[in-house]
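Chemist: Predicted model, plus sequence, below.
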Amino acid sequence: MRYLLDEHINPLLRRELLRAAPDLEAWIIGDPGAQRRGTLDPDILLWCEANHFCLVTNNRKSMPRHLVDHLAIRVDSQLSVFAVSFL
């Protein structure tokens with residue numbers, strides 16, 4: 001599984017994830033090849049789906065609305081999202 005940590009996640013999480021599981025693929029928004037910082041939520045969701053990444057976010061303000069919209073339009077979506085609240 002490939003993970004994209006959005007701007008709302010502390011980058012230390014990636015370091016700890018990779019320390020525990022070195023073969024894990026974990027990117028952060030702004031990494032080369034990933035979406036740029038400031039990318040709009042709907043574009044992040046499309047990118048994650050197209051690139052087979054699971055989005056990790058704690059953006060509970062706007063992401064839920066965009067996720068509902070995304071799934072309503074793309075009913076066959078295979079997008080994965082983890083919403084966390086501890087970071």
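Modeler: Good, I have the coordinates.
Chemist: Quick check: nearest residue in space to residue 37, chain neighbours excluded?
Modeler: Closest residue to residue 37 apart from its sequence neighbours, by CB to CB, 6 or more residues apart in numbering: residue 30 at 4.4 Å. Glycine gets a C-beta too; all of them are placed from N, C-alpha and C.
Chemist: meant to ask about residue 47
Modeler: Spatial nearest neighbour of residue 47, chain neighbours left out: residue 35 (5.2 Å); criterion: CB to CB, 6+ apart.
Chemist: Just confirm the one you found is within a strand.
Modeler: No: according to DSSP: H, G, I helix; E, B strand; the rest coil, the state of residue 35 is coil, so it is not within a strand.
Chemist: isn't the residue nearest to residue 37 right up against residue 39?
Modeler: No: using CB atoms under 8 Å, residue 30 makes no contact with residue 39, being 9.1 Å away.
Chemist: The spatially most central residue of the chain: which element?
Modeler: Nearest to the centroid of the C-alpha atoms of the chain, with distances taken as CA atoms, centre = their mean, sits residue 55, at 2.1 Å. Element membership of residue 55, judged by DSSP states H and E, is strand 53-57.
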